[in-house]
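Chemist: quick one, what's the 3D model for this:
(chains A, B and C)
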Amino acid sequence: MPSKTFSVQTRGTFDLFEVTDKIEKIVRGSKVKEGMCFVFTPHTTACLIMNERESGFLEDFKKTILRLIPREGNYEHNRLGEGNANAHIISSIIKPYLVLPIENSSLNLGTWQNLFFLELDGPRTRNVSVQIFK
Amino acid sequence: MPSKTFSVQTRGTFDLFEVTDKIEKIVRGSKVKEGMCFVFTPHTTACLIMNERESGFLEDFKKTILRLIPREGNYEHNRLGEGNANAHIISSIIKPYLVLPIENSSLNLGTWQNLFFLELDGPRTRNVSVQIFK
Amino acid sequence: MPSKTFSVQTRGTFDLFEVTDKIEKIVRGSKVKEGMCFVFTPHTTACLIMNERESGFLEDFKKTILRLIPREGNYEHNRLGEGNANAHIISSIIKPYLVLPIENSSLNLGTWQNLFFLELDGPRTRNVSVQIFK
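Modeler: Just a heads-up that it's a prediction; the model follows:
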């Protein structure tokens, strides 16, 4: 079936915020009882993750990612002037999509699993598409 | 079609063990000739990987992951007392699912590709669901 | 539907080169209007990424991955003599597959999203399979 899309406005260079409800709403609207939900963002400096809605964790995640692949560095891509080489690298590793199970016409996630949009080079307006398969 | 599930009992804080046979059995039972197998674990401190069944590699993988994102550290999440912030971060990056090809009514993996459950905050009883699409 | 496959010849131990056109050709040939494209490589020392076609970024990606998980190191797996433990670890984290959206009978990627094969232990002949779901 055709994808449904929504937009988000990110804040700051690095931003991490929840999108579970927006995706769940599309899943429920599809009336698909059992299937797979494919969430995709068509950007090279953003990605999607799934984990716990806990402010300490969200801060730790950000700090750890930027410790491993810092914004500042001797990057070739940054000769182009955008300074976002690390955002491209992180998005390549973490991936700009998630695949999720649907059961009983709803996302069938674990108790602590929530869905987050990870902006790595904002602020920008970003798109997210949701496709459902059965 | 509805998912099939199985449980595993993990041992130790960090555990990495094979689940290829359990998943292959479900694939064969489905009688789907060509399709996709979606394996998902509904936890935020565990994930799934695919690679070689070789004890040296499995040890190297563990050591490398814990070198990059150590259990001990100045994590905000650990103020909650569980001490598992690194498990949440690793699961977010590696993902708690795998997508796999089915051909000739069987997982169509490479010669050296096997499937492993990665426990990051055990020991616990963990669930794994398998959905098949054609 | 059955998968379509193609082979690539990699050059050097570490190689990163584009495969967007080969995959897009298979998608267009399938005549599927809306769906999902599952690209899989059946190897444990290679993987697939999606990001920008920009030589500086491609160089930065290589350097960053090898800084975090270097070829040389005190790896158990390397007692087997192949010296490719880091390739197995990187492939396990980044994954040997991509899931991609199809819309209007074509890959529905973002403006800057292109698809790359990442060789981590070449040179070798590698296979890639493409399956399409609707």
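Chemist: which helix or which strand is home to residue A:28?
Modeler: Residue A:28 is part of helix A:20-30, with elements assigned from DSSP states H and E.
Chemist: helices and strands around that helix, which ones?
Modeler: Here helix A:20-30 touches strand A:4-9, strand A:35-40, strand A:106-107, strand A:114-119, strand A:125-133, going by 3 or more C-beta pairs under 8 Å, 6 or more residues apart in numbering or on different chains; DSSP states H and E. The C-beta positions use only the backbone N, C-alpha and C, and glycine is treated the same way.
Chemist: would you point out which residue is most central in chain A?
Modeler: Centrality entry for chain A: nearest residue to the mean C-alpha point is residue A:48, 1.8 Å, by C-alpha atoms, centre = their mean.
Chemist: other residues contacting the host helix or strand of that one?
Modeler: Secondary structure from DSSP H and E places residue A:48 in strand A:46-51. With C-beta atoms under 8 Å, 6 or more residues apart in numbering or on different chains as the test, strand A:46-51 has contacts from A:10, A:16, A:19, A:39, A:41, A:57, A:61, A:87, A:90-91, A:94-98, A:100, A:109, A:112-121, A:124, A:126, A:128, B:44, B:88, B:91-93, B:95-96.
Chemist: just the buried ones among those residues, please.
Modeler: Buried by 16 or more other C-beta atoms under 10 Å in any protein chain shown: A:10, A:16, A:19, A:39, A:41, A:57, A:61, A:87, A:90-91, A:94-98, A:100, A:109, A:112-121, A:126, A:128, B:44, B:88, B:91-93, B:95-96, out of the contacts of strand A:46-51.
Chemist: and residue A:47, what are its bridge partners?
Modeler: Bridge pairing for residue A:47 (DSSP bridges) gives the partners residue A:118.
Chemist: what's the neighbour count on it?
Modeler: Per other C-beta atoms under 10 Å in any protein chain shown, the neighbour tally for residue A:47 reads 22.
Chemist: which residue packs closest to residue A:5, ignoring adjacent ones?
Modeler: residue A:129 (4.6 Å; C-beta to C-beta, 6 or more residues apart in numbering or on different chains).
Chemist: next one: residue A:29
Modeler: Of all residues not flanking residue A:29 in the chain, residue A:4 sits nearest, at 7.5 Å (C-beta to C-beta, 6+ apart).
Chemist: list the contacts of the one you found.
Modeler: Residues near residue A:4 by C-beta under 8 Å, 6+ apart: A:26, A:29, A:129-130.
Chemist: mind checking how far it is from chain B?
Modeler: Distance of residue A:4 to chain B, given as C-beta to the nearest C-beta, to the nearest Å: 19 Å.
Chemist: okay, and the beta partners of that residue?
Modeler: Here residue A:4 sits in beta bridges with residue A:130, going by DSSP bridges.
Chemist: and it, how far from residue B:71?
Modeler: The gap separating residue A:4 from residue B:71 is 40 Å, by C-beta to C-beta, to the nearest Å.
Chemist: same check, this time on residue A:67
Modeler: Plainly put, residue A:67 is 15 Å away from residue B:71 if you go by C-beta to C-beta.
Chemist: which residue is most remote from the mean position of chain A?
Modeler: In chain A, counting by C-alpha atoms, centre = their mean, residue A:79 sits farthest out from the average C-alpha position, at 27.0 Å.
Chemist: quick check: residues of chain A near chain C?
Modeler: Neighbours of chain C within chain A, by C-beta under 8 Å from any C-beta of the partner chain: A:1-3, A:38, A:40-44, A:68-69, A:75-80, A:85, A:88-89, A:91-93, A:95-97, A:99, A:129, A:131, A:133.
Chemist: quick check: end-to-end length of stretch A:79-86?
Modeler: 13 Å (C-alpha to C-alpha, to the nearest Å).
Chemist: so does it get close to chain B?
Modeler: No - contact of stretch A:79-86 with chain B is not found when judged by C-beta under 8 Å from any C-beta; the minimum separation is 14.7 Å.
Chemist: could you check how far that stretch is from the centre of its chain?
Modeler: From the chain centre to the centre of stretch A:79-86 is a distance of 21 Å (C-alpha atoms, centre = their mean, to the nearest Å).
Chemist: how about stretch A:125-134?
Modeler: 11 Å.
Chemist: flag every buried residue along that stretch.
Modeler: A:126, A:128-133.
Chemist: what of stretch A:76-88?
Modeler: Of the residues in stretch A:76-88, A:76-78, A:84-88 count as buried by neighbour count, 16+ other C-beta under 10 Å.
Chemist: please apply the same query to stretch A:10-19.
Modeler: Buried positions in stretch A:10-19, judged by neighbour count with 16+ other C-beta under 10 Å: A:10, A:13-16, A:19.
Chemist: which pair of those residues spans the longest distance?
Modeler: Using C-beta to C-beta, the buried residues of stretch A:10-19 span at most 18.9 Å, a distance reached by A:13 and A:19.
Chemist: so the residue farthest from the centre of chain A: helix, strand or coil?
Modeler: Secondary structure, DSSP: H, G, I helix; E, B strand; the rest coil: residue A:79 is helix.
Chemist: how much space between it and residue A:45?
Modeler: Taking C-beta to C-beta, one finds residue A:79 at 17 Å from residue A:45.
Chemist: also residue A:14?
Modeler: Applying C-beta to C-beta, the value for residue A:14 to residue A:45 is 10 Å.
Chemist: which neighbours do those two share?
Modeler: A:119-120.
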